[in-house]
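S.K.: Fold the following and give me the result.
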Amino acid sequence: MLPFEIHFRSAVLSDLEAIMALFEEAKKLMRQQGLEQWQDSYPEEEILRQDITEDCGYVLTHEGEIVGYFAFSTAHEPAYDFVENGAFREEGKAGVVHRVVVSQAVRGHGLGRRIFDYAIKLAHIELCVTVRCDTHENNRAMRGLLAKCGFASCGVVYYQRNGTSVKRVVYDILI
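M.R.: A predicted model of the protein is given here:
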């Protein structure tokens, strides 16, 4: 049980500054931990703007303040077309979670789990049979969270960003 109330809502364009601040905070923490994830320009403001305009971006709020963000979509994810050293457990309609971030001020209160619970609810509404998510292979915190939430590792996928191949461990959960 959280010691405070959290609300989920669709992100709006006026949230962009607060969302970008969350990502800057997370990038700094990852850099301090020696993680390469998000150390380039990703996620750029334009990607977050696209999430919002496509109604895929969600914020978590506490007393009106944005304390978390994630993207949820049922659109085709090209990077998931080939899974190296594994496979997804179900090939039906999938929801995909990307760009999960929570303010350091509220970490340790189960918000990551709440995000994935909410994403699974969204997937039920969209009649998905699975939810998928990927992360950097050295992001132990996210990998641990995904395991706690019931996700299973399915292999490795690759994204192309700025002419570079970016490796990610991919997970799914059957719903």
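
S.K.: Retrieve the pLDDT associated with Val101.
M.R.: Per-residue confidence for Val101 comes out at a pLDDT of 98.

S.K.: So it is in contact with Phe23, correct?
M.R.: Yes - counting by C-beta atoms under 8 Å, a contact exists between Val101 and Phe23, whose distance comes to 5.7 Å. Yep, even glycine has a C-beta here, placed from its N, CA and C like the rest.

S.K.: the more surrounded of those two?
M.R.: Taking neighbours as other C-beta atoms under 10 Å, Val101 and Phe23 compare with Val101 leading, 21 against 18.

S.K.: ok so, going back, list residues touching both of Val101 and Phe23?
M.R.: Between them, Val101 and Phe23 share the neighbouring residues Tyr69, with contact defined by C-beta atoms under 8 Å, 6 or more residues apart in numbering.

S.K.: residue boundaries of the helices in the chain?
M.R.: Under the criterion DSSP state H, the chain carries helices at the ranges 16-32, 45-53, 111-125, 140-148.

S.K.: mind checking which of the ones you listed is nearest Glu84?
M.R.: Evaluated over these, closeness to Glu84 peaks at helix 140-148, with 16.8 Å, by C-beta to C-beta.

S.K.: quick one: contacts of that closest one?
M.R.: Under the criterion C-beta under 8 Å, 6+ apart, residues Val100, Gly112, Arg113, Phe116, Cys133, Thr135, His136, Ser153, Val169, Tyr171 lie in contact with helix 140-148.

S.K.: For it, what does the pLDDT average out to?
M.R.: Predicted confidence along helix 140-148 averages 96 (mean pLDDT).

S.K.: Thank you, goodbye.
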